[in-house]
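In: Fold the following, please.
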Amino acid sequence: MASFDVRESVTSGLRAGRLVQLVRRFWWLALLGLTLQAFWALRLDHPTYFDAYYYTSNAQRLADGQGFSEEIIWQYLDNPQGLPHPSHTYWMPLASIIGAGGYLLTGSFRGAQAPFWLMAGLLPLLGYAVNWHLTGERRQAYAAAAFTAVGGYYTAYWVQPTTFVLFAWTGGLCLLALGLAQEKGAPRYWVLAGLTAGLSHLTRADGVLFLALAAALWLLAFARRGPWQKRSRQAWRPSFLNLALLVGGYLVVMAPWFWRTWQISGSILSTVGTQTIFLTEYDDVFAYNRTFTAGDYLAWGLDNIILSKLRALWLAVQTYIAVPGLTAFSFFAVAGWFWARRRERRARFLRPFTWYAVLLLVTMSLVFTFPGQRGSLLHSSTALWPWSMALVPAGVAAAVEWVAARRRRWRPQQAQRLFLVAFVLMAFVITLVVASGQPLAEKEAALYEQIGATVPPGSIVMTGDPTGFHYHSGLPAVVTPNEPPEVMVQAAQHFGVDYVLLDENRPAPLKALYEGQVQSEWLSFVQDFGDGYHLYAFVEPHQ
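Out: The predicted structure is shown next:
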């Protein structure tokens, strides 16, 4: 009995020691990640691009108690009737909900940034966990955390209210839960997969792919041991329990949003985004009073359809190489994937990551062809980032072992250490170059504030950048439609537009109007604000 107590005490002490070591490691990794992301976060005084303005503005309205409504109309596919308009009918709400928490606490953009800074700073822990589970090598796991921390092409977008880092966490965790479910089969991993799939869907509309992926993996596992194999009900009943836990976890997150969508549209899911399947050019996202159907798409011609799919597929492959693979490190991520698949346990663990990478590539190139090319694939590929960066050190080690087997003078352990350090530094340099070159939108911010002070309070402005204009001016804004001048006038009349702001990025059908080659009796020139920005008052023509 005494010996048993001693062994128990020793075991408990070892476990406590390992826990302390793990916490210490994670502390330093978190400190590294948070410090790096603080550098990028402090460069920003406001959002810097279209989507982030949208999520941030709606976070402010949520914090102010105005609910899921917006003073922005940035697309017309959901047939908006006026302002204010129900928000998040095209994009999903989780980024705004999280940003709203920051606004409630601080009332400032810094507060809205804070949760996203935390998520970005702690993301290296996920890269560490994935690599550690694959390799069990501490040096490789540290390197994976460092690669994840640098952020690459995503760095400029991590630390502001948007879906980038949020989807990296929700999607990356869903892949982790599904990988563990494939490897171990425990019910707790299926319910975690359901919860994270729901969070992924609440973050991005294409997050529903995670539920589809999880269902496919469950079906594959069920097919291998189904009732047709003459097993008792007790033998296959756990499979249905796992499915129930998966769907239940998903609905815990998504059911309230389904109810809200039903209340405003009569269906549990918005069908706005599905129209983009049938676009023949991306700018038609901003079409006014038009719908897009399969018939219209087929009328475009089979040659055009096939060519657009091939172009999108090639661009998607390039995006995979350049962004989640961080260009030069794609080779090592692929090498690490091949190395990991040599063992059945690791192959099962990687199966969800592999299937999702293929599913996302196909969906964003062959289904949502034009949105995929203009940012959807870039956004959704963040779920792959901590995984691809976790595979890079394994690929480096495999490559070194391959060379060492052919060069006896090589010392594999020293070579691995040297290359990992060199490659991490290279990743930092690449990130610094690409992220520091991202515009901070300071010029646009000053311009929009100036215009907001020029026009009367409460004016509704039509502009090509309604989200940015609304954020900086505080005025309601609607997007300039991708239509000829006469249709633009119809949209302006419908929404009670007071002013129209045109710039060099105006829709193509308005080129002649912008360049002064044609005139509109509905527009009266007000002021040239420089940099190609022309402000017009919308007026009733004289009869």
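
In: where does the stretch 151-300 of the chain have low pLDDT?
Out: Applying pLDDT under 70 to the stretch 151-300 of the chain picks out residues 225-238.

In: Which parts of it are helices?
Out: Per DSSP state H, counting those that start in this stretch, the stretch 151-300 of the chain carries helices over the ranges 155-158, 164-184, 187-203, 208-224, 233-265, 294-299.

In: Arg341: which of the ones you listed is closest?
Out: For Arg341, the closest of the helices of the stretch 151-300 of the chain is helix 164-184, at 12.7 Å, according to CB to CB. For the C-beta atoms, the positions are set from N, CA and C on the backbone; glycine is no exception.

In: what packs against the closest one?
Out: For helix 164-184, the helices and strands in contact under the criterion 3 or more CB pairs under 8 Å, 6 or more residues apart in numbering; DSSP states H and E are helix 94-106, helix 109-135, helix 155-158, helix 187-203, helix 208-224, helix 344-362, helix 377-380, helix 385-404.

In: residues in contact with the third one?
Out: Counting by CB atoms under 8 Å, 6 or more residues apart in numbering, helix 155-158 makes contact with 37, 40, 48-49, 52, 116-117, 119-120, 151, 164-165, 431, 434-435, 438, all of which sit outside it.

In: what about 10 Å?
Out: With CB atoms under 10 Å, 6 or more residues apart in numbering as the test, helix 155-158 has contacts from 36-37, 39-41, 43-44, 47-49, 51-52, 116-117, 119-121, 123, 149, 151, 163-166, 168, 378-379, 382, 431-432, 434-440.

In: State the distance from Gly207 to Ala112.
Out: Distance of Gly207 to Ala112, given as CB to CB, to the nearest Å: 21 Å.

In: quick one, which of these two is more surrounded?
Out: A count of neighbours by other CB atoms under 10 Å puts Ala112 above the other of Gly207 and Ala112, at 29 against 25.

In: Contacts only, for the more buried one.
Out: Taking CB under 10 Å, 6+ apart, one finds 47, 52, 55-56, 59-60, 63, 95-96, 98-106, 160-161 in contact with Ala112.

In: one step back: same list, the helices and strands packed on helix 164-184, but as TSV with distance to Val518 please.
Out: Output for those, formatted as TSV (distance: least, CB to CB, whole Å):
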stretch	distance to Val518
helix 94-106	40
helix 109-135	41
helix 155-158	38
helix 187-203	43
helix 208-224	44
helix 344-362	43
helix 377-380	37
helix 385-404	47
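
In: returning to that earlier point: what subset of the contacts of Ala112 is buried?
Out: 47, 52, 55-56, 59-60, 63, 95-96, 98-103, 160-161 (16 or more other CB atoms under 10 Å).

In: Okay, now the unreliable bits of the protein?
Out: Within the chain, the ranges that satisfy pLDDT under 70 run 1-19, 225-238, 542-543.

In: From what I see, Pro292 and Thr274 are in contact.
Out: Quick fix: residue 292 is Phe, not Pro. Yes - Phe292 is within contact range of Thr274, at 9.3 Å (criterion: CB atoms under 10 Å).

In: residues shared between the contacts of the two?
Out: The contact lists of Phe292 and Thr274 share Leu77, where a contact means CB under 10 Å, 6+ apart.

In: Neighbour count for these two, which is higher?
Out: Per other CB under 10 Å, whichever of Phe292 and Thr274 has more neighbours is Phe292, with 18 against 14.
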